[in-house]
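> Sequence and predicted structure are below.
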Amino acid sequence: MRSSGLIPLAALGLSMGAPPRANAADERWNVVIITADTLRGDMLEVNGNRRVQTPRLNELALEGVNFSRAYTSITTTLPAHASLFSSLYPRDHRVWDNWHRIPSRVTTMFELLGGEGYRTAAHINMPWLTSEISNIPQGVEVIRGGERFRKAGLTNRWVKDWLAKQPGEEDPFFLWIHYIDNHTPYHAPDDYDELYFSGGPWAEGDTPLAPLWKLFPPDHQDSEQFHEWLDPVQSAEYVVGAYEGSVTWIDHHVGEVMDQLCELGLWENTLFVFTADHGESLGEHELWFVHAGLFEPTVHIPLIIRVPGADAGLQHDEVVSIVDVMPTVLSYLELPSPEGTRGQDLRPLMDGQAGAATHGAAMLEHIGRQLEGVVTDRYKYIRHRDSNRIYRGYPMREGTVEVYDLVEDPFEEYNLAAERPELVDRLELIYGQMLEQELDYGASEESDLDAFTLESLKALGYVQ
């Protein structure tokens, strides 16, 4: 059975660097949050991956705390980021897709820290994450990106230039960096492209790509962008290798940001978070190159939190959620969370306080509320709320219930729902208890999308 509790990362074969310097009491920490779009939690070495190289994230984990069982609240970019920066479930902020705005009554981290005198900035790489469309970075002083997709190299060029202007300022800063290289079409340039599959797109593998096209969502089958990307490719292994290469590519650029903070003398005074909005299916359950369903590849995300002067080099494998990030960061900054936030403060757990515990479960939802569920330390519950065949290999049928034992069946291949009705009832009770508090922030609004944003959403298969 899966263990629980605190694990020294040294036990995983990683060595500890110098401990971070304790922070002076009169200093206010800077905050950097990095989200790597579509990055699976099981791709990190610290989460058990022995194939994909993530040396800089290893370093970050050794200076912070790694949460090996972190989960998103929803498998879609805009609403997942809304949950991250508001500590609300999608049913609270009322956004389940990439073209609605969160209500203005929702209070985000940007507003909170901006109101406390923090200089706020963001570099985002999807146009639907802008203030105009998503309303997530409302109140941010400086925003770069949004009008086009900028890869990690260009993103870091802007980030490093912005950081270089910060030393000497009296007020601390809050910076959000959003990378997109892990999202389709996976971006692994130069040598990274063949780190994990040699021979290039024309090389043959064990899984020919051509027969898989029929399993793609219709919008992907009809997308010029997908055809331009995949038509030359012979095998699925090449595409999976490109995804894995993009993970190492992102790892390199996270390290560049860490190095820049060190060179500028800012690292010792910066609270640093690395996470993702959701993961990606790479063939599991016949779901290819999409973040669909509520299976582990799509909902399990990385989460590493590094706090200056705090305990470091530790790993927690309790179930935690993306909504826990905001209250945890605010707790370390000695700021209160807004009333009604869903997340839990992980600080007692990170500080090793006796009796500290998590909720032990995380809520899960799918784009458009087609699926909903909950994951606990051992089990996962999924209920189908809608019927569609967008995913040929995984059709959704209203009323279907799935239950998986993640200890005995980590690949979620055997549905226990029919033979374990008492387990279904127990998991439904946990799910209901997590929603007992009704929150009303008003309805979301459909955003006005410009031609570029609409075409981008269509190219990636989000709208028809």
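All right, it came through fine.

> for the protein, what are the low-confidence residue spans?
1-26, 96, 98-99, 128, 130-135, 146-149, 167-169, 354-357, 438-464 (pLDDT under 70).

> switch to 80 and redo it
Within the chain, the ranges that satisfy pLDDT under 80 run 1-27, 93-94, 96-104, 126-140, 142-143, 145-150, 167-170, 352-359, 368, 436-464.

> Show me the residue at the heart of it, geometrically.
Centroid-nearest residue in the chain: residue 276, 1.9 Å away (criterion: Cα atoms, centre = their mean).

> Where do the strands of the stretch 351-464 of the chain begin and end?
Remark: strands assigned in the stretch 351-464 of the chain by DSSP state E, counting those that start in this stretch are 361-365, 371-376, 379-384, 401-405, 445-446.

> whoops, I mixed them up, the stretch 151-300 of the chain
Under DSSP E, counting those that start in this stretch, the stretch 151-300 of the chain gives strands at 173-179, 270-275, 281-282, 288-290, 300-301.

> Now find how far off-centre the last one is within its chain.
Its chain's C-alpha centre lies 7 Å from the corresponding centre of strand 300-301 when counted by Cα atoms, centre = their mean, to the nearest Å.

> Equivalent analysis for the second one, please.
The gap between where strand 270-275 is centred and where its chain is centred comes out at 13 Å by Cα atoms, centre = their mean.

> Kindly report the same for the first one.
Computed by Cα atoms, centre = their mean, the separation of strand 173-179 from the middle of its chain amounts to 14 Å.

> May I see the strands of the stretch 151-300 of the chain arranged in a markdown table, with mean neighbour count as well?
The way it works is simple: take the backbone N, C-alpha and C, and place the C-beta from them, glycine included. As requested, the strands of the stretch 151-300 of the chain are exported to a markdown table (neighbours: other Cβ atoms under 10 Å):
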| stretch | mean neighbour count |
| --- | --- |
| strand 173-179 | 25 |
| strand 270-275 | 24 |
| strand 281-282 | 21 |
| strand 288-290 | 25 |
| strand 300-301 | 26 |
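
> Leaving out the residues flanking it, which one is nearest to residue 330?
residue 337 (5.3 Å; Cβ to Cβ, 6 or more residues apart in numbering).

> Just give me the neighbour total for the one you found.
Other residues lying near residue 337 total 20 when counted by other Cβ atoms under 10 Å.

> Check which helix or strand it maps to.
Under the criterion DSSP states H and E, no helix or strand holds residue 337.

> In this structure it contacts residue 328, no?
No - using Cβ atoms under 8 Å, residue 337 is not in contact with residue 328, being 9.4 Å away.

> Give the residues shared as contacts by those two.
Both residue 337 and residue 328 are contacted by 343, 345, under the criterion Cβ atoms under 8 Å, 6 or more residues apart in numbering.

> Distance from stretch 415-428 to the middle of the chain?
Relative to its chain's centre, stretch 415-428 lies at 28 Å (Cα atoms, centre = their mean).

> Same question for stretch 396-409.
Mean C-alpha position of stretch 396-409 versus that of the full chain (Cα atoms, centre = their mean) differs by 22 Å.

> same deal with stretch 40-58?
For stretch 40-58, the distance to the chain centre is 15 Å (Cα atoms, centre = their mean).

> Compute the first-to-last residue distance for it.
In stretch 40-58, first residue to last residue: 15 Å (Cα to Cα, to the nearest Å).

> Now do stretch 190-205: distance from first to last residue.
21 Å.

> For it, buried residues please.
By neighbour count on 16 or more other Cβ atoms under 10 Å, the buried set for stretch 190-205 is 192-197, 201, 205.

> Can you tell me which of these is closest to residue 306?
Ranked by distance to residue 306 (Cβ to Cβ), the buried residues of stretch 190-205 are led by residue 192 at 24.7 Å.

> Isn't that closest one up against residue 250?
No - using Cβ under 8 Å, residue 192 makes no contact with residue 250, being 9.7 Å away.

> Could you pull up phi and psi at the residue nearest to the centre of the chain?
For residue 276, the backbone dihedrals (degrees, to the nearest 10) come out as phi -140, psi 160.

> Could you export the strands of the stretch 151-300 of the chain as TSV, including distance to residue 136?
Shown next, in TSV, are the strands of the stretch 151-300 of the chain (distance: least, Cβ to Cβ, whole Å):
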stretch	distance to residue 136
strand 173-179	9
strand 270-275	15
strand 281-282	25
strand 288-290	23
strand 300-301	17
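
> The strands of the stretch 351-464 of the chain: which one's closest to residue 224?
strand 445-446 (25.4 Å).

> thinking again about what came up before, among the strands of the stretch 151-300 of the chain, which comes closest to residue 54?
With Cβ to Cβ as the measure, strand 270-275 is the member of the strands of the stretch 151-300 of the chain nearest residue 54 (10.2 Å).

> can you give me the angle the closest one makes with strand 173-179?
Taking axes from the mean of the first three to the mean of the last three Cα atoms, to 10 degrees, strand 270-275 and strand 173-179 form an angle of 20 degrees between their directions.

> Pairing partners for strand 270-275, with directions?
Using DSSP bridges, strand 270-275 pairs in its sheet with strand 30-36 (parallel), strand 303-306 (antiparallel).

> Comparing the ones you listed, which stretch has the densest surroundings?
Counting by mean count of other Cβ atoms under 10 Å, strand 303-306 has the highest mean neighbour count of the strands paired with strand 270-275, with a mean of 26.

> Kindly export that one (C-alpha atoms) in PDB.
The C-alpha trace of strand 303-306 is given here as PDB (Å, rounded to 0.1, in the frame of the first residue of the first chain):
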ATOM      1  CA  LEU A 303       3.900  20.900  -6.900                       C
ATOM      2  CA  ILE A 304       7.100  22.100  -5.300                       C
ATOM      3  CA  ILE A 305       7.100  25.000  -2.800                       C
ATOM      4  CA  ARG A 306      10.400  26.500  -1.700                       C
END
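
> Parallel or antiparallel, which strands does the next helix or strand after it pair with?
Next along the chain after strand 303-306, taking DSSP H and E as the criterion, comes strand 314-316. Each strand paired with strand 314-316, and its direction, by DSSP bridges: strand 6-8 (antiparallel), strand 65-67 (parallel).

> what's the next helix or strand after strand 314-316 packed up against?
Using DSSP H and E, the helix or strand that directly follows strand 314-316 along the chain is strand 320-321. Here strand 320-321 touches strand 70-71, strand 361-365, going by 3 or more Cβ pairs under 8 Å, 6 or more residues apart in numbering; DSSP states H and E.
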